[in-house]
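[1] sequence unavailable; structure follows:
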Ligand code: G4P
């Protein structure tokens, strides 16, 4: 039973630079899965640039992101869990954490713009865990870059080998379709016809039928291309894909629902079922009888009067049962979840049981934090939800001394949700909030006021990076801390952090203290 449920599951995320087509592709996938009936049902969770300081927009975004956090659907007997990631780069940290809960990703690339900066950053996170990646090169109905150049760019900028599994026949206005190298069939493009039925089988690329279908010159170009691809790229290896060493590539046009079914069919075939995961103590296999899981995301309730939160738990092994007592490893105590929720497309429903690869939403009143592990008694904590050094730092200034408690509580809870990172300086207890994008400061200020009644302002700080520090030599570490006391802070978990003011200064300090390790992520 457990094995069958595991074999059925594919848990993945779609990543892209904003505007490459993630929302559109998500929607088309859900249409195929029958999870939604019509186009336009999936809201983009990105905040448009012009709405940068529009709080309604931020609140709306929060609402959308809860609704679309996890979209479950069935396709060809497979249960697919699609985890949404925020579209706005200021929320990148949230995306990084979500990527710890997936088993593979689909990366959308705009064929006109090629590999963009956010895609590169996200790929780095995938690489940290060797997450298998499938590329979908989108917007073939536009005049894009040459497909060979695009592939080279992916290999170069994302440092991963590629293997095309489909190939476009022309592009832009003259785009005719794609040849599916994976199952050797031809799919013709008709922009006007939004719903496409399956491909035309062309086992032999020399079949004269091809000339009739796409015209002689397109046909001969395709034959040339296919020959070249088969010659240049090694045969697709599923093993290498699963090891994160090679990314299969598909071409299509999400908005025209073109090439999406081919992507999905192949995904269902090759994407990994729930993979084993490592705790501090051992590797846990999904097939193990006993339940384990971890919290990768916490979402505050939209109603400011109620401080309920939803903790998103990725199930890693065994069967999750509602109402059962589970062990909360960090607090070393039992918790009972009587109101767990499963996610199917945009509906939420109470769940009685869930399996590895599934995500359950748990209503929490403040017991759970991001990174928490739940088990049936085992003590090891799941690894792999690191914090990354923020990019922008500001000191928190309390504006209402009578509301100090509320401010502290609000800050603590927002940090637990992962909105930003808090560093407390050892000297003087100054509190510094670090974020990836400036938008978060506005979110924090707004939510502190509306949900906690606290007011604060932020004063800019001249900081370059937060570096988590460690050393094998305790004495040297203590000497370092003593000599740099003014620059030492603690993160939310009490880990020691060196707050570097500039890149060059950090370089100098690194040279002067060779026994100290400086890390840009909290896990090393
Ligand atoms: P994102 O979630 O990655 O940010 O991208 P999203 O799906 O919102 O797509 C960004 C824009 O690209 C949208 O246009 C969308 O319609 C368009 N798009 C998606 N796929 C294709 C495609 O295959 N071909 C072409 N030509 N365009 C595509 P928009 O104008 O920003 O929004 P909308 O008003 O069309 O929704």
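    Alright, I've got the coordinates. All of these numbers come straight from a predicted model, not from anything done at the bench.

[2] please count neighbours and contacts with C-alpha atoms only from this point.
    Noted.

[3] touching stretch 174-184 from outside, list them.
    Outside stretch 174-184, the residues that touch it by C-alpha atoms under 8 Å, 6 or more residues apart in numbering are 140-141, 164-170, 185-190, 201-204, 214, 251-252, 259, 262, 266.

[4] ok, 7 Å please
    For stretch 174-184, the external contacting residues (C-alpha atoms under 7 Å, 6 or more residues apart in numbering) are 141, 165-170, 185-189, 201-203, 214.

[5] who wins on neighbours among the residues you listed?
    residue 166 (27 neighbours; other C-alpha atoms under 10 Å).

[6] which residues touch it?
    Listed by C-alpha under 7 Å, 6+ apart, the contact set of residue 166 reads 178, 179, 180, 181, 182, 249, 250, 251.

[7] still on that earlier bit, which of the contacts of stretch 174-184 are close to the ligand?
    Of the residues in these, proximity to the ligand by C-alpha under 6 Å from any ligand atom holds for residue 141.

[8] out of the contacts of stretch 174-184, who's nearest the ligand?
    residue 141 (5.6 Å; C-alpha to the nearest ligand atom).

[9] right, and the closest one touches residue 169 too?
    No: using C-alpha atoms under 7 Å, residue 141 is not in contact with residue 169, being 10.9 Å away.

[10] run through the strands of the stretch 351-500 of the chain in chain order.
    Secondary structure of the stretch 351-500 of the chain (DSSP state E, counting those that start in this stretch): strands at 353-354, 359-364, 373-375, 392-398, 421-425, 431-435, 456-460, 465-470, 488-490, 496-500.

[11] and among the ones you listed, the most buried is which?
    strand 373-375 (a mean of 27; mean count of other C-alpha atoms under 10 Å).

[12] which helices and strands sit right next to that strand?
    strand 292-300, strand 325-328 (3 or more C-alpha pairs under 7 Å, 6 or more residues apart in numbering; DSSP states H and E).

[13] the last one: how far from the chain's middle?
    When you say that, I think you mean strand 325-328. 27 Å (C-alpha atoms, centre = their mean, to the nearest Å).

[14] ok, then the element right after the helix or strand residue 249 falls within?
    Under the criterion of DSSP states H and E, residue 249 resides in strand 246-251. The C-terminal neighbour of strand 246-251 among helices and strands, as given by DSSP H and E, is helix 260-270.

[15] check which helices and strands the next helix or strand after that next one is in contact with.
    Following helix 260-270 in sequence order, the next helix or strand is strand 277-278 (DSSP H and E). Identification of packing neighbours for strand 277-278 by 3+ C-alpha pairs under 7 Å, 6+ apart yields strand 283-284.

[16] which neighbours in the sheet does the strand it packs on have, and how are they oriented?
    Strand 283-284 sits in its sheet next to strand 277-278 (antiparallel), going by DSSP bridges.

[17] state the mean pLDDT of the partner strand.
    Averaging pLDDT along strand 277-278 gives 93.

[18] just the residues contacting that strand, thanks.
    283, 284, 285, 382, 383.

[19] how about a cut-off of 6 Å?
    For strand 277-278, the external contacting residues (C-alpha atoms under 6 Å, 6 or more residues apart in numbering) are 283, 284, 382.

[20] and for the second one, the neighbour number?
    I take that to be residue 284. Using other C-alpha under 10 Å, residue 284 has 18 neighbouring residues.

[21] and the chain, which of its residues are near the ligand?
    Counting by C-alpha under 6 Å from any ligand atom, the residues of the chain near the ligand are 16, 18-24, 44, 87, 138-139, 141-142, 253-256.

[22] please identify the most buried of the helices and strands packed on strand 373-375.
    Counting by mean count of other C-alpha under 10 Å, strand 292-300 has the highest mean neighbour count of the helices and strands packed on strand 373-375, with a mean of 26.

[23] just checking: what are the partner strands of whichever helix or strand comes after that one?
    Later in the chain than strand 292-300, the nearest helix or strand by DSSP H and E is strand 309-317. The strands beside strand 309-317 in its sheet (DSSP bridges) come out as strand 292-300 (antiparallel), strand 359-364 (antiparallel).

[24] mean pLDDT lowest where, among the ones you listed?
    Averaging pLDDT over each of these puts strand 359-364 lowest, since it has a mean of 87.

[25] which other residues reach that one?
    Residues outside strand 359-364 that contact it (C-alpha under 6 Å, 6+ apart): 308, 309, 310, 311, 312, 313, 314, 340, 341, 342.

[26] is it possible to get CSV of those residues that adds neighbour count and pLDDT?
    Below are these laid out as CSV (neighbours: other C-alpha atoms under 10 Å; pLDDT from 0 to 100):
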residue, neighbour count, pLDDT
308, 17, 74
309, 22, 81
310, 23, 84
311, 28, 88
312, 27, 90
313, 26, 93
314, 27, 95
340, 27, 68
341, 23, 70
342, 23, 67
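
[27] farthest pair within the residues you listed?
    Using C-alpha to C-alpha, the pair of the contacts of strand 359-364 lying farthest apart is 308 and 314, separated by 19.3 Å.

[28] just the buried positions in the longest helix anywhere in the chain, please.
    Scanning the chain for the helix with the most residues, using DSSP state H, yields helix 216-232. Neighbour counts over helix 216-232 (16 or more other C-alpha atoms under 10 Å) mark 218, 219, 220, 222, 225, 226, 229 as buried.

[29] likewise for stretch 439-459?
    For stretch 439-459, by 16+ other C-alpha under 10 Å, it's 439-449, 451-452, 454-456, 458.

[30] so how far is it off the chain centroid?
    26 Å.

[31] same check, this time on stretch 234-247
    Taking C-alpha atoms, centre = their mean, one finds stretch 234-247 lying 21 Å from the centre of the chain it belongs to.

[32] which residues does that stretch contact?
    For stretch 234-247, the external contacting residues (C-alpha under 6 Å, 6+ apart) are 130, 131, 132, 133, 134, 160, 161, 162.

[33] what mean pLDDT would you report for that stretch?
    95.

[34] about what we covered before: and the strands paired with strand 309-317 as JSON lines, adding distance to residue 474?
    JSON lines is the format used below for the strands paired with strand 309-317 (distance: least, C-alpha to C-alpha, whole Å):
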{"stretch": "strand 292-300", "distance to residue 474": "32"}
{"stretch": "strand 359-364", "distance to residue 474": "39"}
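
[35] ok, the contacts of residue 166 vs the ligand, which is closest?
    Lowest distance from the ligand to the contacts of residue 166 (C-alpha to the nearest ligand atom) belongs to residue 251, with 9.7 Å.

[36] do you know which of the strands of the stretch 351-500 of the chain lies nearest residue 515?
    Closest to residue 515 of the strands of the stretch 351-500 of the chain is strand 465-470 (C-alpha to C-alpha; 8.9 Å).

[37] what's the angle from that closest one to strand 421-425?
    Relative orientation of strand 465-470 versus strand 421-425 (axes from the mean of the first three to the mean of the last three C-alpha atoms, to 10 degrees): 70 degrees.

[38] in the chain, which spans are helices?
    Using DSSP H, helices in the chain cover 2-8, 22-32, 55-67, 92-99, 117-128, 147-158, 209-214, 216-232, 238-242, 260-270, 404-416, 439-452, 474-483, 503-512.

[39] out of those, the one nearest residue 331 is which?
    Residue 331 lies closest, by C-alpha to C-alpha, to one member of the helices of the chain: helix 404-416, at 14.8 Å.

[40] what helices or strands is the closest one leaning on?
    Packing contacts for helix 404-416, counted by 3 or more C-alpha pairs under 6 Å, 6 or more residues apart in numbering; DSSP states H and E, involve helix 439-452.

[41] which residues are contacting the helix it packs on?
    Here helix 439-452 has contacts from 304, 406, 410, 454, 455, using C-alpha under 6 Å, 6+ apart.
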